[in-house]
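# give me the fold of what follows.
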Amino acid sequence: QVQLVESGGGLVQAGGSLTLSCVASGRIVSINAMGWYRQAPGKQRELVALIRDDRTTNYEDSVKGRFTISRDNAENTVYLQMNSLKPEDTAVYYCNVKYNPKWYGNYVEVWGRGTLVTVSS
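From the prediction side, this is the model:
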């Protein structure tokens with residue numbers, strides 16, 4: 001069973017920065033992609049940033065130029081550096097990992113429990 005442990009959320013003023021971390025532990029042969037999603041009150045969960053095993057990335061339009069996703073393959077860790085934070089970035093941020101538990105077969109998807117980011121105006 002693979003588990004994700006997120007950290008780094010908290011309260012920050014508009015214009016400030018936070019870095020989220022997510023560590024994956026357990027039976028992992030390889031990781032296909034790691035990403036961060038967020039869900040604000042009353043809204044659907046949305047993709048914020050994704051990084052694949054070839055290190056290509058995708059970002060939600062509103063965070064482009066402000067957020068940076070990176071990963072440490074040796075530590076099975078993904079980071080989200082968030083700069084120039086805005087009140088509309090307030091949400092619970094969830095880590096998502098697609099990994100292979102075996103040398104063959106399809107990947108498995110796992111979610112973290114979420115970490116709250118609150119940006120005050």
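
# any idea what the nearest residue to Arg71 once chain neighbours are set aside is structurally, helix, strand or coil?
Nearest residue to Arg71, sequence neighbours excluded (Cβ to Cβ, 6 or more residues apart in numbering): Val78, at 4.7 Å. (Glycine included, C-beta is placed from N, CA and C.) What DSSP: H, G, I helix; E, B strand; the rest coil gives for Val78 is strand.

# what's the answer for Ala74, then?
Here Ala74 is helix, with the state taken from three-state DSSP.

# for it, give me the pLDDT.
Ala74 is assigned a predicted lDDT (pLDDT) of 92.

# please verify my assumption that Val117 contacts Gly10.
Yes. With contact defined as Cβ atoms under 8 Å, Val117 and Gly10 form a contacting pair (7.1 Å).

# find the residues that touch each one of the two.
Here Val117 and Gly10 have Leu18 as joint contacts, going by Cβ atoms under 8 Å, 6 or more residues apart in numbering.

# who has more neighbours out of these two?
Neighbour totals were compared for Val117 and Gly10, and Val117 leads with 22 against 12 (other Cβ atoms under 10 Å).

# mind checking which helix or strand that one is in?
Element membership of Val117, judged by DSSP states H and E, is strand 115-120.

# and that strand, which strands flank it?
Strand 115-120 has the following strand partners under DSSP bridges: strand 10-13 (parallel), strand 91-100 (antiparallel).

# nearest to Gly42 among those strands would be which one?
strand 91-100 (10.7 Å; Cβ to Cβ).

# minimum distance to Gln3: which of the strands paired with strand 115-120 has it?
Shortest separation from Gln3 across these is recorded for strand 91-100, at 10.0 Å, computed as Cβ to Cβ.

# dump the following helix or strand past that closest one to PDB, keeping only the CA atoms.
Using DSSP H and E, the helix or strand that follows strand 91-100 in sequence is strand 108-111. Provided in PDB are the C-alpha atoms of strand 108-111 (Å, rounded to 0.1, in the frame of the first residue of the first chain):
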ATOM      1  CA  VAL A 108      -2.200   2.800  -9.900                       C
ATOM      2  CA  GLU A 109      -3.400   6.200  -8.700                       C
ATOM      3  CA  VAL A 110      -3.200   7.400  -5.100                       C
ATOM      4  CA  TRP A 111      -4.300  10.600  -3.400                       C
END
